[in-house]
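When you get a sec, could you give me coordinates for this:
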Amino acid sequence: MLIRFEKEHSKLGVFLDDKRIYTVDDSSLAVGIGENSFKMSHGSFKIHDTVLLKTAVVIKGIETNGRSATLITRFGKIFLEAQNSRIKVSFEGFDEYNRLFLILPAKENEKVYGSGEIFSEFNIIGERANVWVAEHINAIQIAKKLIKQVGGIKNSKRKQAFKKYETYYAQPTFVSSRKYYYHSLTTARSSFDFTNNGYHRIKTDEIAPFYIGFGRNFEEIMQGITELVGRQPELPDWVYDGQIIATQGGSDRLRRANEIAKDNDLNATGFWIQDWEGRRITAAGKQLFWNWEWDSELYPGLDSIIKDFNAQGKKVLGYINPFLAVEKPLYKEASEKGYCVKAKDGSDYLVTITTFPAAMVDFTNPDAYNWLKNIIKKNMIEFGLSGWMADFGEYLPTDCVLFSGEDPELVHNTWPARWARLNREVLEETGKLGEIMFFTRAGYSDTPRYSTMMWCGDNHTDFSIDFGLPSVIPAMLSLSVCGFGLSHSDIGGYTSFFNLRRSEELYMRWCEMNAFTPIMRGHEGLNPDLNAQFDASEAVLAHGAKMARIHKALKPYLKEAVKYNSQTGVGVIRPLFFYYDEEKAYNECYEYLLGRDILVAPVITQGTDKREVYLPNDEWIHLWSKREYKGGTYTVSAPIGEIPVFIRKNAEKAIKLLMED
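Now for the predicted structure:
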């Protein structure tokens, strides 16, 4: 694809393969001065943006050689450079300004996707997206939900207003159905306004370079995006060999979980014990003591158990985050050495997490950064853990003081990417990349190049469309279009309180969905005693065995898709519109393609044994009945254990793997 620029008096024509795609004039760009005020509570932010000045960028002159152009304005210079199939736009001389306003033309029936991980929608045309890393689920949302349920109001299809949502993973990237993408290099807050039929409005809270790229198809679009944000490496071979079972509560419980898994043929490739470092009981539930050392009282003999499990071909995974429990030894050491993020009075900045305070390791301090890396190397890798949840990253306050002297407002969004980089460097420096993996929940630009896997955070243990099982499907799809192609979710969800609790039905429906994702991993939840677990009943055990067997059977297919993601940036979980130019494909957010050839339509409604499925124009084979289908909309049987899955008829590898299982 050839991009060129052509001067047209005081305007600049932008051409793609000799077709005009845009005209840059005085109305295209504006700059301004503004200031934000932030109020953070438990990782959730209230933001007030005041624009003090906004003024159009007046073009006074244009210089071009065809493949690049310079706009000379009254404020400074704007450079446009054609880089293969994308345009880079950068700025010089705009130092007095901290707001950039851009207008891009919109078309009727255009669809738009991205801005990070979005749980309630996939196509965000008609919405305004706030690109700011935050806690996705807050206490007020949960309290309102519980009060309504106690009052007998239970509507799993109800959604909040889009503007009320926050996200763990924000990214200043979007993809248009017109086969172009936008990506900014800003680290500041930005916003996308897709509410006007004639144009899209983009605002960034700093003057930063951005890209607009093009592709002949959506695979090319993803290659272009991931050249900018990075790609994930291939996963360790062992992750495909069944399911990772979640358990906690001590060594006896871990051994018992292993025995149950063996007795019931659960294909347990690993066991995830998030409380390996200790557990605290709070008003919120069974939480963790954030001191990144083995709690030998809770887990006596764990070092020997890990060696024994490894000899059986089973891995043990743990947990870590960038906070430190103020009651424990590692915090004392970090505080004495000045390794924590500071408040303005010079004290350690303590952030409230649910009901307790915690300090944050300052990633901008090289000594603190290396200190935490060495803790992971010694206390986790040398100890024998084969992976871990690298939790959090969203909570950097904007009123803190950093060792580097950087403005925390401009660092906040980057914090989860820095956290992922720290974990990645540990694996690279120990030679364990490809053998050990970690999974993150928070992210921003650069997270795709550092993290090895995403998971979809603390979803509710129910069928609610905005926070429960259904929400993880648009979340995985939106991660994919932003360039993070490896994602999964906690089997059964996490957030559980009072009457918000996981049923056996929910666990099994979530389990069968996760069998058709890159990793099949459970979680006991915030309040394990309220939730059905992997061993809740004979029916749940039999279901888990069946789904783990299917996931293991998919190993060659998944490995191939994961490798393709590492090479091209085309995710394992893919939207239907990637390959089918159909209106329904562009709007479908509760079905997905696993790789190229398997269509998955999870059951997202409680108490049903059927599901309406849209099949794009192709030839499909229903996994369970072996019945052949053409494109169209069908109501198919979907009892528990027979999630609607369809395989492209000419996909011989996928057919062989699944049909013979």
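
How are the helices of the stretch 101-250 of the chain distributed by residue range?
Ranges of helices in the stretch 101-250 of the chain, per DSSP state H, counting those that start in this stretch, are 139-150, 218-229.

residues near residue 385, how many?
24 (other C-beta atoms under 10 Å). Quick note: C-beta positions are derived from backbone N, CA and C, even for glycine.

Assign a three-state SS to it, would you?
The three-state label given to residue 385 by DSSP: H, G, I helix; E, B strand; the rest coil is coil.

quick revisit: who wins for proximity to residue 78 among the helices of the stretch 101-250 of the chain?
Across the helices of the stretch 101-250 of the chain, residue 78 has its closest neighbour in helix 218-229 (19.4 Å, C-beta to C-beta).

what mean pLDDT would you report for that closest one?
Mean pLDDT, computed over helix 218-229, is 98.

which other helices and strands contact that helix?
Contact here means 3 or more C-beta pairs under 8 Å, 6 or more residues apart in numbering; DSSP states H and E; on that basis helix 218-229 packs against strand 170-176, strand 180-184, strand 210-214, helix 447-450, helix 472-481, helix 555-568.

which residues are contacting it?
85-86, 171, 173, 175, 179-181, 183, 211, 213-215, 445-449, 480-483, 485, 568-571, 575, 577-579 (C-beta atoms under 8 Å, 6 or more residues apart in numbering).

closest one to residue 508 among the helices and strands packed on helix 218-229?
Nearest of the helices and strands packed on helix 218-229 (C-beta to C-beta): helix 472-481, 15.6 Å.

ok and that closest one relative to strand 170-176, angle-wise?
Per axes from the mean of the first three to the mean of the last three C-alpha atoms, to 10 degrees, the angle that helix 472-481 makes with strand 170-176 is 80 degrees.

For this structure, give me the ranges with low pLDDT.
Along the chain, the parts satisfying pLDDT under 70 run over 139, 143, 146-155, 660-661.

circling back to that earlier point, most tightly surrounded among the helices of the stretch 101-250 of the chain?
Of all those, helix 218-229 has the most neighbours on average by mean count of other C-beta atoms under 10 Å, namely a mean of 22.

Specify the angle between that one and strand 170-176 in degrees.
150 degrees.

could I get helix 218-229 in PDB with only the CA atoms?
In PDB, the C-alpha atoms belonging to helix 218-229 read as follows (Å, rounded to 0.1, in the frame of the first residue of the first chain):
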ATOM      1  CA  PHE A 218      -7.700  -7.100   9.400                       C
ATOM      2  CA  GLU A 219      -4.800  -9.400   9.800                       C
ATOM      3  CA  GLU A 220      -2.600  -6.700   8.200                       C
ATOM      4  CA  ILE A 221      -4.200  -4.200  10.600                       C
ATOM      5  CA  MET A 222      -3.100  -6.300  13.500                       C
ATOM      6  CA  GLN A 223       0.400  -6.700  12.100                       C
ATOM      7  CA  GLY A 224       0.600  -2.900  11.900                       C
ATOM      8  CA  ILE A 225      -0.600  -2.300  15.500                       C
ATOM      9  CA  THR A 226       1.600  -4.900  17.000                       C
ATOM     10  CA  GLU A 227       4.700  -3.500  15.300                       C
ATOM     11  CA  LEU A 228       4.000  -0.500  17.500                       C
ATOM     12  CA  VAL A 229       2.900  -2.000  20.800                       C
END
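
next one: it to chain centre, how far?
Centroid separation for helix 218-229 versus its chain: 17 Å, with C-alpha atoms, centre = their mean, to the nearest Å.

what's the answer for stretch 6-19, then?
Offset of stretch 6-19 from its chain centre (C-alpha atoms, centre = their mean): 37 Å.

What ranges does the stretch 201-350 of the chain have for its strands?
Assigned by DSSP state E, counting those that start in this stretch, the stretch 201-350 of the chain shows strands spanning 210-214, 243-246, 268-272, 279-281, 286-288, 315-320, 323-325, 350-353.

Show me what the last one is packed against.
Which is strand 350-353. Looks like strand 350-353 contacts strand 356-360 (3+ C-beta pairs under 8 Å, 6+ apart).

Provide the partner residues of residue 20 in its beta bridges.
residue 15 (DSSP bridges).

which one of the helices of the stretch 101-250 of the chain lies closest to residue 600?
Comparing the helices of the stretch 101-250 of the chain under C-beta to C-beta, the one sitting nearest is helix 218-229, at 18.3 Å.

picking up where we left off before, I'd like the strands of the stretch 201-350 of the chain as JSON lines, with distance to residue 404 and mean neighbour count appended.
What follows is the strands of the stretch 201-350 of the chain, written out as JSON lines (distance: least, C-beta to C-beta, whole Å; neighbours: other C-beta atoms under 10 Å):
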{"stretch": "strand 210-214", "distance to residue 404": "25", "mean neighbour count": "22"}
{"stretch": "strand 243-246", "distance to residue 404": "37", "mean neighbour count": "27"}
{"stretch": "strand 268-272", "distance to residue 404": "34", "mean neighbour count": "25"}
{"stretch": "strand 279-281", "distance to residue 404": "32", "mean neighbour count": "13"}
{"stretch": "strand 286-288", "distance to residue 404": "29", "mean neighbour count": "19"}
{"stretch": "strand 315-320", "distance to residue 404": "23", "mean neighbour count": "24"}
{"stretch": "strand 323-325", "distance to residue 404": "19", "mean neighbour count": "23"}
{"stretch": "strand 350-353", "distance to residue 404": "19", "mean neighbour count": "18"}
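
Thanks a lot, catch you later.
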